[in-house]
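K.L.:
how would this look folded up:
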Amino acid sequence: MAQDDANNQPDAPQEGVPAPEGASNLIDTDYVIGQDNIQTNKFGFDVDLHGKVFSISSLLILFFVIVTLALPDQMAPIFNGAKSFLTDNLSWLFLLAANIFVVLAIGLIFTPLGKVRLGGADAKPDFGYAGWFAMLFAAGMGIGLMFYGVSEPITHFGTSVSGDSWAPLGGAQGNEAASQSLAMASTIFHWGLHPWGIYAVVALSLALFSFNKGLPLTMRSIFYPILGERIWGWPGHVIDILAVFATLFGLATSLGLGASQAAAGLNFLFDVPNNNVTMVLLIIGITLVALLSVMLGVDKGVQRLSQLNMGLAFLLLIFVIIVGPTLLIATGFVENMLSYLKNLPALSNPFGREDTNFMHGWTAFYWAWWISWSPFVGMFIARVSRGRTVREFLIAVLIVPTVVSVIWMTAFGDTAINQLVNQGFEGVQDAALELQLFTMLGQLPLSAITSFVGIILVMVFFITSSDSGSLVIDAITAGGKVDSPKPQRVFWALIEGAIAIALLLGGGLTALQAAVITTGLPFTVVLLAACYAIVQGLRSEPKAK
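P.N.:
Now for the predicted structure:
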């Protein structure tokens, strides 16, 4: 229940109380997180909320959902205009910011700051490597790899060969080998170091200031070196509210993409109508399943689903490698990685680009998407990464997922391009984006089984994203607590589904992209400021001296 403002701050540090074991001091007094404020409302269930952050966030989001559902025809042009304006004028900011995040993350690996242990010198990891990697990857990419694993490489290849204005770096007109190399490099660019650099900076900041400094696990805590005690007032409220908006709309975009792909797969396999009704029913059904996982919590719910999904994804990947062009995939991994590294400086350049359509329409959207996801993924990664050193953490979060993404995109992307170039099959290239994965699998043995596995993967990634996201948003709106009452998590899981439905009905893919870019923009500025804070926080740690 909301309390008076004087008693309604996040769990601010208490002066004169010993710090947790292993925690170091960022401010002049010892501190620990404050006491719980759980109350029972008139309906008989417990609530534990930060009144201002929860109230403002939930009311504005509910207003958005109602207006979008009530006026879909009027909202669609607004989404189109917002997307066009932001990508045309501010793509450079997204690209420049992402470069800064990657440079900072890589730099910290090679400095003495990498020796700092999250949670203190004696902290032990909460999860083994297998469970940890599974949760990192399922939360961080999930639906995106399923949706774009085939569609992005084949699209870049087509534009590159033809010299289309959407071709990355101007394309390689008429040269199929060069076009394939450039297409794969451009795809890996969007799924490699840059997105994971964004996640790493946010996750490391949250883990450091929560586990080592004793501050609440919420975005405002990162800014203590900059704002000091003002993080407990309106500056902190605004940061957390922006984090809620960015997280919800980033998640809604992924859920919308997942629903559209699952609907396309069901139509492909079982001739289920591929329309808004099917997608809405999918979102409702999967959201209800996600609620069960939310109620079970991280250990029983999210971790088990993540491991299930990673197992299914691994089996599908191995199948494609074995029955697809195995030699091409094996050699393509090295070639694609080298092409990625070779083209990385040009693809990362935020200024003076000739391939503005590619930069605005692909890269700017991706970077805004990853930035909007960063509070969700970052906080979730922070929660499951206690006990790791900064160096171990950054290598795991930055390097390992990048390598896995290269393997995934090589297997699925090169297989689709091979079907076009060497087998003359144009079905994948001609299919709608959400259908291209299933069209590619349709040319391989056991296509009905693998396509069904693909649908299951999309749905389970949907569930893991929804339940992980609701846990994170609930922590933000509860003042940084990670064990708040379950009805609050249920509320946010339902809201995520409602936003995804509203955006799909109010403008489809364009509305999803517009929402991500709009909410990602202000949060980009927040994360740039966080880069300074994380360095200051690490420098104050004993192991860094």
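K.L.:
C-alpha only now, for contacts and for neighbours.
P.N.:
Fine.
K.L.:
below-threshold pLDDT in the stretch 201-350 of the chain: ranges please.
P.N.:
Under the criterion of pLDDT under 70, the regions of the stretch 201-350 of the chain flagged as low confidence span 297-303, 306.
K.L.:
what about the helices in it?
P.N.:
Counting by DSSP state H, counting those that start in this stretch, residue ranges of the helices within the stretch 201-350 of the chain are 224-227, 234-270, 276-297, 303-323, 326-348.
K.L.:
please identify which helix or strand holds the residue nearest the centre of the chain.
P.N.:
Taking Cα atoms, centre = their mean, the centroid of the chain lies closest to Trp373, which sits 3.8 Å from it. If you go by DSSP states H and E, Trp373 is part of helix 364-383.
K.L.:
dump the C-alpha coordinates for that helix into PDB.
P.N.:
Extracted as PDB, the C-alpha positions of helix 364-383 are listed here (Å, rounded to 0.1, in the frame of the first residue of the first chain):
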ATOM      1  CA  ALA A 364      19.200   2.000 -34.800                       C
ATOM      2  CA  PHE A 365      16.200  -0.200 -34.100                       C
ATOM      3  CA  TYR A 366      18.300  -3.000 -32.700                       C
ATOM      4  CA  TRP A 367      20.400  -0.800 -30.500                       C
ATOM      5  CA  ALA A 368      17.200   0.900 -29.100                       C
ATOM      6  CA  TRP A 369      15.700  -2.600 -28.600                       C
ATOM      7  CA  TRP A 370      18.800  -3.800 -26.700                       C
ATOM      8  CA  ILE A 371      18.900  -0.600 -24.600                       C
ATOM      9  CA  SER A 372      15.200  -0.800 -23.800                       C
ATOM     10  CA  TRP A 373      15.800  -4.500 -22.700                       C
ATOM     11  CA  SER A 374      18.900  -3.600 -20.700                       C
ATOM     12  CA  PRO A 375      17.100  -2.800 -17.300                       C
ATOM     13  CA  PHE A 376      15.300  -6.200 -17.600                       C
ATOM     14  CA  VAL A 377      18.200  -8.300 -18.800                       C
ATOM     15  CA  GLY A 378      20.700  -6.400 -16.800                       C
ATOM     16  CA  MET A 379      18.800  -6.700 -13.500                       C
ATOM     17  CA  PHE A 380      18.100 -10.400 -14.200                       C
ATOM     18  CA  ILE A 381      21.700 -11.100 -15.000                       C
ATOM     19  CA  ALA A 382      22.800  -9.200 -11.900                       C
ATOM     20  CA  ARG A 383      20.400 -11.300  -9.700                       C
END
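K.L.:
C-terminal to it, what's the next element?
P.N.:
Proceeding C-terminally, helix 364-383 gives way to helix 390-394 as the next helix or strand, assigned by DSSP H and E.
K.L.:
show residues contacting that next one.
P.N.:
Outside of helix 390-394, the residues within contact range by Cα atoms under 8 Å, 6 or more residues apart in numbering are 105-106, 108-110, 113-118, 200, 204, 385.
K.L.:
what helices or strands is the one helix or strand Val53 maps to leaning on?
P.N.:
Val53 is part of helix 51-70 when elements are defined by DSSP H and E. Taking 3 or more Cα pairs under 8 Å, 6 or more residues apart in numbering; DSSP states H and E as contact, the helices and strands that helix 51-70 lies on are helix 234-270, helix 447-477, helix 486-505.
K.L.:
give the buried residues for it.
P.N.:
By neighbour count, with 16 or more other Cα atoms under 10 Å as the criterion, the buried positions of helix 51-70 are Gly51, Lys52, Val53, Phe54, Ser57, Ser58, Ile61, Val65, Thr68, Leu69.
K.L.:
with stretch 66-86 instead?
P.N.:
Neighbour-count burial for stretch 66-86, counted by 16+ other Cα under 10 Å, picks out Thr68, Leu69, Pro72, Met75, Ala76, Phe79, Ala82, Lys83, Leu86.
K.L.:
let me have these in TSV, extended by pLDDT, secondary structure and distance to Asp474.
P.N.:
What follows is these, written out as TSV (pLDDT from 0 to 100; DSSP: H, G, I helix; E, B strand; the rest coil; distance: Cα to Cα, whole Å):
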residue	pLDDT	secondary structure	distance to Asp474
Thr68	83	helix	24
Leu69	82	helix	24
Pro72	80	helix	29
Met75	82	helix	28
Ala76	79	helix	30
Phe79	82	helix	27
Ala82	84	helix	28
Lys83	82	helix	28
Leu86	87	helix	29
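K.L.:
would you point out the most distant pair within the residues you listed?
P.N.:
Of all pairs drawn from those, the greatest distance, 23.6 Å, lies between Leu69 and Leu86 (Cα to Cα).
K.L.:
quick one, what contacts Ser151?
P.N.:
Under the criterion of Cα under 8 Å, 6+ apart, the contact list for Ser151 reads Gly413, Leu433, Glu434, Gln436, Leu437.
K.L.:
again, only using 10 Å
P.N.:
Residues in contact with Ser151 (Cα atoms under 10 Å, 6 or more residues apart in numbering) are 145, 187, 412-413, 416, 428-429, 431-437, 440.
K.L.:
pLDDT at it, what is it?
P.N.:
What the model reports for Ser151 is a pLDDT of 95.
K.L.:
state the distance from it to Val272.
P.N.:
Computed with Cα to Cα, to the nearest Å, the distance linking Ser151 and Val272 is 22 Å.
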